[in-house]
Structure formats: structure tokens, C-alpha cells
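**Q** Just a sequence and a predicted model for now, questions to come.
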Amino acid sequence: MKYLNSILSRIVLVVLALAIQAAWITVMILRLGEFIRYANLILQIFSLLMVFYIAQKDTKASFKLAWVVPILLFPLFGGLIYLFFGTKSPTRRLRKKMETSAAAIAPFVPDSAALVEEVARTDARIGGQMRYLSNTGGFPVYRDTEARYFATGDDAFPVMLEELKKARQFIFIEYFIISEGRMWNAILEVLEQKAAEGLDVRVIYDDMGSLTTLPYDYAKQLEKKGIRCIRFNPFVPVLSIVMNHRDHRKIMVVDGKVGLTGGINLSDEYINEKSRFGHWKDNAVLLRGEAVWNLTTLFLSMWNGLRPTDSDFDRFRPDFAGETHPRHDGYVQPYGDSPLDGEPLGENVYLGIIHNAKDYVYIFTPYLVIDDGMAEALTLAAKRGVDVRMITPGIPDKKSVHALTRSHYGRLTAGGVKIYEYTPGFLHAKTFVCDDEVATVGTINLDYRSLYLHFECGVYFYQSALIREIKRDFLEAQEKCTPAKAYRPGFRMIRGLYYAILRLFAPLF
């Protein structure tokens, strides 16, 4: 009996405990209802404040609209989403470090005012463009530089290896994507050998760009081989506004005498060793001579902003004494773009070419995610009689972005712009060529991320023999293209609505 009473007592205690717990949960739920009402009100007010904050920002109207609409549609969490993902301003810490690095290098940047005025006497428009890059961006113009153009990564790769093997002092590598494979393994073999010989070998790669192509500790692996390495903006698997900003540059510098940039990354698809989206059409330019200094300082500015290492930058300036001077091949002006200064330098270079065009502008671009200002510049040039042509990919790497690219075809073609899609595969080159006089080759896409959020670079050419090579490459590529298609009648309304939604949120891609 005592045992039975003990069991019953325990059952009563358990039931009583469960009843108390149920009562407590009921009370909490009832109170939570009041809390949720207050929480909803607070979140809605916060979202409204975010809308006012976005409206007063000094940025593109299209970028503002792309955030205001979703915040108003989803007022509870829209403001919080913008807080984590919406800001395109780098962190103060990153800005401070990069500004300090740039200031340290500034005294080592030569004055090219005389060359700018020399060009201005021939053509005031081009002189003005060069003056802008020199005065605003801090990128001098040079004359004693030889330039070589590569129409594909397949052509560039053997020359890259050849130049790396010639290194005697230092090698600088800065790329958005590095991927293990034939291309990178061959380059790495040379880097290891040069590091073992005592050369200063440094590598910067973007951690997000190489997230799926390199091991997480790859920078440490390179350090063990004697190759100093920096992961730009290491990926952290939590919400982070800094993930917006990537190092999208592609720079190779050998002894300060040879430099290379363009669209190609260090991955096998860029040399068509591996096929992902058909034939990969890309390009690059190799510089030999004084203009390489701009690419050298771009790299050193990034490196010392992230890992302060150098104080005497003169030791990286090459001595051409006793060497055959590179032939005069027009004017060469390598430049960089950054989200730090609020100056859309890359976009302004493109707009300057379009506005100053007299006869033609031919454009390679993998993405066409543009705002009204760029679209109006292109159509206005076409309406005043300029032959404006663009080549975009026939096989996309990102279907949503390709759909967004196609969403601009109707407006541009109606304004007289001729658009072609590269039938054999994916076109990754980012190139403008104009009037047989001017060209720029680099890393800057016609999309919001390249124009406003990423660190980028390019080379501006005037009166260089390379310009006609770029034009010839464009015309040869055009022969492998099909003209851009208009809406199919049966899908005009549905596709138009889809495109309208994509373009509304274009700045978020």
C-alpha cells in the first residue's frame, strides 16, 4: 500500500508540474501577443526610417528605388535586410587602411601634366579624359610603353608563363578568381621556383571569388611555400555588409617592367582548357615599359592597405638603363576604380568614350545591367549617327543576369544600338573601342557591382596600334554572333512583366 501511495504521489506531482508548465506557456503566449504587436510597430517604424535614410543618400536613384520598393512591400523585415545587405559603403576600418596606403604611395606617382597637355593640343576631348584620370584618380599617362593585345585567354596564357619565368626581382599577382587546374598549377610552379630563388613573390586573391575553387586555408599553404599571400575580404558565413565589396581586379606585374590585365582570371575555363558555357571568349593586354608603374602601385596600394609591409616604394620602380627602350606606341594610362571614394571612375571612363564618339563605339560586355544614364548615353550616341554596337554572351553563366541583360535590348535597339549575342559560348571581355583612336580594356563590367561596389582596373589607350587590333577582334567575333532578338509576340506581356521586375531590382544583382 505504501508503495502504491508513493507511485500515486509521484503521478500527482508530475501532473501538477505539467499543469503549471502549461499554464506558464499559456500566459507567455498571451503576453507574447502584446509583445508581437509592439515588435511589429517598432520594426515598421525602423523600416520607415530606413526609407528616409536611403532617400537622402548621395547615390544613384535606381539603387535607391531597388531598396525602397522591397522595404515598403515587406515593412517588418525590409529595414533589417537593408541594414545587413543594402549599404554599399565600405567599413570605416577598411576605408582608413586603404586611404593610408594610398597616401603613402602618392609621393611616388610621377607628374604627367605635360603629356596630358600634349594630347589636349591634338584633341581637347581626349586630353580632358586623361586629365580626369590623372587629377581625380591619380593615374598618370605614359608614352614609352609597348602594348600587346590578346584576343583570348588561350593566347595570353603562354606569354604570361614566359614573362613570369623571366622575373629577377619580384612578382605581383592579384586576381578575383584562382582555381586549381592546369593554368594555375603551371603558374604556381613558376612562383614556387622564384620564391625559392629569393624573389619577392606576392599573391592577392578574392576570398568570395575563389570560395568554391580553393581550400579555406590556401593562403597559409602558399605562405609555407615562400609565397606571401592575402585573402581579400575573407568570407564569414554570417550576415556581413562587407561581403558587398570584392577585389575584382586582374593584375600581373613582373619586376615592374611587364604588366598584364584584362578579363581573364587564373582558372582553366579562361583558357578553354575546361568548357563550362561553350567557348569562353575573353581578352587581355600586356604592357612593357613605364606605364606598368600604375599597375604596380595599384597592387602595392591594395597590399599595404591590408598588410602594411613597405615604406620605400622606389625599390619597386624599374631601371630601364641599358635596355632597349620600348617603342613609342601612343599614349597608355592604366587606372583603377574603388568603392572607397564615391567616384564612379570606371563608369565615367565609359561615358566619356560614348559622349566623345564621332564614328563608332564597339563594346564587349558579359553583363548589361545599366541605369537610365548609361542607356541614354548609348541611344543618344546612336541617334546622332554614331555606329554603336555591343556583343553580349550567347550562352550565359548566370541565367537571371542574362535575362536582365536581355531586358535592355528593346530600349537600346529601338534607339539605334545594334546588339549581338556571341553564339559559340560565353563572352567575358570588358572592352570599349572607338573611332580607331581610343580603347579601354580591363575588368569593369557594365553592371552595378563593377561600377559601384568592386575594386576594378583597366587601361586607357590613345593612338596605339593595339586599338585597330581590338576593332578587328570585335568584327571577327561579330561574325560568330546572332542579332539580339526582340520579344516573341506570344510572350510579350509575360516576358515584359518579368523583365520589368528584374530591372527594378537590378542594383541588387
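**A** Nice, thanks for sending it over. Numbers count the residues shown, from 1 in each chain.
**Q** Compute the first-to-last residue distance for stretch 397-414.
**A** Using CA to CA, to the nearest Å, one end of stretch 397-414 lies 26 Å from the other.
**Q** What are the buried residues along it?
**A** Going by neighbour count (16 or more other CB atoms under 10 Å), the buried part of stretch 397-414 is 397, 401, 402, 404, 405, 406, 407, 408, 409, 411, 412, 413. For the C-beta atoms, the positions are set from N, CA and C on the backbone; glycine is no exception.
**Q** So which of the residues you listed belong to strands?
**A** Using DSSP state E, no member of the buried residues of stretch 397-414 falls in strands.
**Q** from those residues, which is closest to residue 52?
**A** Nearest to residue 52 out of those is residue 404 (CB to CB; 28.4 Å).
**Q** can I assume the closest one is in contact with residue 369?
**A** Yes: using CB atoms under 8 Å, residue 404 is in contact with residue 369, at 5.5 Å.
**Q** pLDDT below threshold where in the stretch 201-350 of the chain?
**A** Counting by pLDDT under 70, the stretch 201-350 of the chain contains low-confidence ranges at 236-244, 322, 324-326.
**Q** what about the strands in it?
**A** 228-232, 250-254, 258-262, 279-281, 284-289, 331-337 (DSSP state E, counting those that start in this stretch).
**Q** number of nearby residues for the residue nearest to residue 290 when sequence neighbours are not counted?
**A** When the adjacent residues along the chain are set aside, residue 290 lies closest to residue 142, with 4.6 Å between them (CB to CB, 6 or more residues apart in numbering). Residue 142 has 22 neighbouring residues, counting by other CB atoms under 10 Å.
**Q** cool, and residue 265?
**A** Residue 265 - counted by other CB under 10 Å - has 26 other residues nearby.
**Q** Stretch 201-212: which residues count as buried?
**A** 201, 202, 203, 204, 205, 206, 207, 208, 209, 210.
**Q** between the residues you listed, which is closest to residue 47?
**A** So of these, ranked by how close each gets to residue 47 (CB to CB), first place is residue 208, at 27.9 Å.
**Q** Contact partners for residue 293?
**A** Residues near residue 293 by CB atoms under 8 Å, 6 or more residues apart in numbering: 110, 140, 142, 256, 317, 318.
**Q** typo on my end, residue 150
**A** Residue 150 sits in contact with 156, 159, 262, 283, 284, 285, 286, where contact means CB under 8 Å, 6+ apart.
**Q** Look up how far residue 285 lies from the first one.
**A** From residue 156 over to residue 285 the distance is 9 Å, taken as CB to CB, to the nearest Å.
**Q** any shared contact partners between those two?
**A** Between them, residue 156 and residue 285 share the contacting residues 150, 260, 262, judged by CB under 8 Å, 6+ apart.
**Q** how many other residues sit next to residue 394?
**A** 21.
**Q** Please look at it and residue 481 and confirm they touch.
**A** Yes: between residue 394 and residue 481 there is a contact under CB under 8 Å: 7.1 Å.
**Q** Tell me which stretches of the stretch 151-300 of the chain form helices.
**A** 153-165, 182-196, 218-224, 292-306 (DSSP state H, counting those that start in this stretch).
**Q** looking at these, which is buried most?
**A** Ranked by mean neighbour count, the helices of the stretch 151-300 of the chain are led by helix 292-306 with a mean of 24 (mean count of other CB atoms under 10 Å).
**Q** report the angle between the axes of that helix and strand 228-232?
**A** Here helix 292-306 runs at an angle of 80 degrees relative to strand 228-232 (axes from the mean of the first three to the mean of the last three CA atoms, to 10 degrees).
**Q** by how many degrees do helix 292-306 and strand 331-337 diverge?
**A** When the same axes, to 10 degrees is applied, the directions of helix 292-306 and strand 331-337 differ by 20 degrees.
**Q** Helix 292-306: how far from the chain's middle?
**A** 17 Å (CA atoms, centre = their mean, to the nearest Å).
**Q** next one: stretch 381-394
**A** Its chain's C-alpha centre and that of stretch 381-394 lie 23 Å apart, by CA atoms, centre = their mean.
**Q** Please apply the same query to stretch 198-216.
**A** Counting by CA atoms, centre = their mean, stretch 198-216 comes out at 16 Å from the chain centroid.
**Q** Would you mind measuring the gap between the ends of it?
**A** OK, stretch 198-216 end separation, CA to CA: 27 Å.
**Q** what number of residues lie near residue 395?
**A** Residues near residue 395, counting by other CB under 10 Å: 17.
**Q** can I assume it sits in a strand?
**A** No: when DSSP: H, G, I helix; E, B strand; the rest coil is applied, residue 395 is found to be coil, with no strand at that position.
**Q** who's in contact with it?
**A** 277, 278, 424, 425, 426.
**Q** list the contacts for the fourth one?
**A** Counting by CB under 8 Å, 6+ apart, residue 425 makes contact with 275, 277, 278, 279, 280, 281, 393, 394, 395.
**Q** Start from the N-terminal end of the stretch 401-509 of the chain and give the helices.
**A** Using DSSP H, counting those that start in this stretch, helices in the stretch 401-509 of the chain cover 409-414, 448, 466-478, 492-504.
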